[in-house]
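[1] got a predicted structure plus its sequence, pasted below:
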Amino acid sequence: MLAIVGGTGMTEMPGLEVVKNFASETPLGAASAGVVQGRINEQDVLFIARHGHPHKVPPHKINYRANLWALKQAGATRVVGVNAVGGIDPALAPGDLVLPDQLIDYTHGREATFFDGRFKPLKHIDFSWPYNGALRAALSQAGRHCGQAVIEEGVYGVTQGPRLETAAEIARMASDGCTLVGMTGMPEAALARELELPYASLSLVVNPAAGVCEDEITMEEIAEALEGGMERARRLLETLISTRC
């Protein structure tokens with residue numbers, strides 16, 4: 001069953017016919033919210049609000065392990081994480097939908113593995129290609145079906161948050177090869193890999209990253225980009241669910 005992790009701007013799925021609500025408690029503590037199982041166009045889907053509903057949990061405080069564990073226990077077989085991001089590549093504009101194919105993790109201090117020697121025995125995973133190719137292709141196909149253009153590659157740089165980055169930090173990330181910047185891409189992707197759940201990110205650009213343009217980043221502009229962009233992301237996801245891409 002497809003599972004959707006809703007990020008900033010997507011704390012619920014409009015049009016979801018709720019079938020079952022799961023408790024938020026897990027062996028790893030409380031998830032950000034309870035998993036919701038529902039149906040869209042007669043197809044089953046799972047949903048969890050990454051930041052809680054209402055939006056309240058900052059990126060570095062999210063219990064990513066509990067969220068992914070709750071999805072797996074509810075029956076998830078593949079996961080799409082929806083992320084609001086900044087555009088480091090000057091060619092990216094607010095409203096663009098991107099399917100990153102790589103990431104660089106700049107976070108620190110997060111509970112980043114199930115294989116910590118306590119919850120589960122130590123184990124190493126291959127993470128050369130962090131996003132599942134088949135699921136990325138399915139998202140791209142769904143975009144074509146519903147007329148939503150998607151950019152099919154990108155490098156997601158994951159920062160700690162909740163503050164936005166400095167212009168110097170963005171310049172460093174650009175030199176590292178990052179084209180996108182966000183705060184929630186890790187450890188979510190790695191945890192999905194540990195649970196053998198195919199995972200992809202559907203990233204919505206909501207602002208140029210610091211220093212990419214001369215203007216100051218405002219929360220009002222981000223909110224405006226979120227409103228229209230997340231509606232486009234929802235249509236793409238509904239197409240993915242309905243067409244079984």
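    Sure, I can see it. Numbering: from 1, shown residues only.

[2] wait, residue 192 touches residue 68, no?
    Yes. Assessed by Cβ atoms under 8 Å, residue 192 is found in contact with residue 68 at 5.9 Å. Where C-beta positions appear, they are placed from N, C-alpha and C, glycine not excepted.

[3] neighbour count for those two, which is higher?
    Higher neighbour count among residue 192 and residue 68: residue 68, with 31 against 27, using other Cβ atoms under 10 Å.

[4] any weak-confidence spans in the protein?
    Applying pLDDT under 70 to the chain flags the ranges 244-245.

[5] I'd like to know how far the most centrally placed residue in it sits from residue 167.
    With distances taken as Cα atoms, centre = their mean, residue 81 lies nearest the centre of the chain, 3.0 Å away. To residue 167, residue 81 is 27 Å away according to Cβ to Cβ, to the nearest Å.

[6] related to what we said a few turns ago, residues shared between the contacts of residue 192 and residue 68?
    Shared contacts of residue 192 and residue 68, defined by Cβ atoms under 8 Å, 6 or more residues apart in numbering, are found at residue 79.

[7] longest helix anywhere in the chain?
    Assignment by DSSP state H gives helix 219-243 as the longest helix of the chain.

[8] same for that one, what does it pack against?
    strand 2-6, strand 36-40, strand 43-49, strand 78-87, strand 97-98, helix 133-146, strand 199-208 (3 or more Cβ pairs under 8 Å, 6 or more residues apart in numbering; DSSP states H and E).

[9] elements contacting the last one?
    Meaning strand 199-208. strand 78-87, strand 97-98, helix 133-146, strand 180-182, helix 188-194, helix 219-243.

[10] how does it look with 10 Å?
    Judged by 3 or more Cβ pairs under 10 Å, 6 or more residues apart in numbering; DSSP states H and E, the packing partners of strand 199-208 are strand 2-6, strand 78-87, strand 97-98, helix 133-146, strand 180-182, helix 188-194, helix 219-243.

[11] for residue 59, find the nearest of these.
    In terms of Cβ to Cβ, the element of those nearest to residue 59 is strand 180-182, at 8.4 Å.

[12] how about the contacts made by the residue located most distally from the centre of the chain?
    Within the chain, the residue lying farthest from the chain centre (Cα atoms, centre = their mean) is residue 214, at 27.7 Å. Residue 214 makes contact with residue 208 under the criterion Cβ atoms under 10 Å, 6 or more residues apart in numbering.

[13] gap between residue 175 and residue 88?
    Distance, residue 175 to residue 88, using Cβ to Cβ: 10 Å.

[14] same question for residue 94.
    Taking Cβ to Cβ, one finds residue 94 at 13 Å from residue 88.

[15] tell me, what's touching those two both at once?
    205, 208.

[16] the two - which one has more neighbours?
    Using other Cβ under 10 Å, the more surrounded residue of residue 94 and residue 88 is residue 88, with 27 against 18.

[17] residue 219 versus residue 147, what's the distance?
    30 Å.

[18] what's the local residue count around the nearest residue to residue 44 once chain neighbours are set aside?
    What sits nearest to residue 44 in space, not counting adjacent residues and going by Cβ to Cβ, 6 or more residues apart in numbering, is residue 1, at 5.3 Å. When neighbours are defined as other Cβ under 10 Å, residue 1 has 14 of them.

[19] so residue 1 touches residue 40, yeah?
    No. Residue 1 is beyond contact range of residue 40, at 11.9 Å (criterion: Cβ atoms under 10 Å).

[20] give me the common contacts of those two.
    Joint contacts of residue 1 and residue 40 (Cβ under 10 Å, 6+ apart) are residue 241.

[21] tell me the buried residues in the longest helix of the chain?
    Within helix 219-243, the residues that qualify as buried are 222, 225-226, 229-230, 232-234, 236-242, counting by 16 or more other Cβ atoms under 10 Å.
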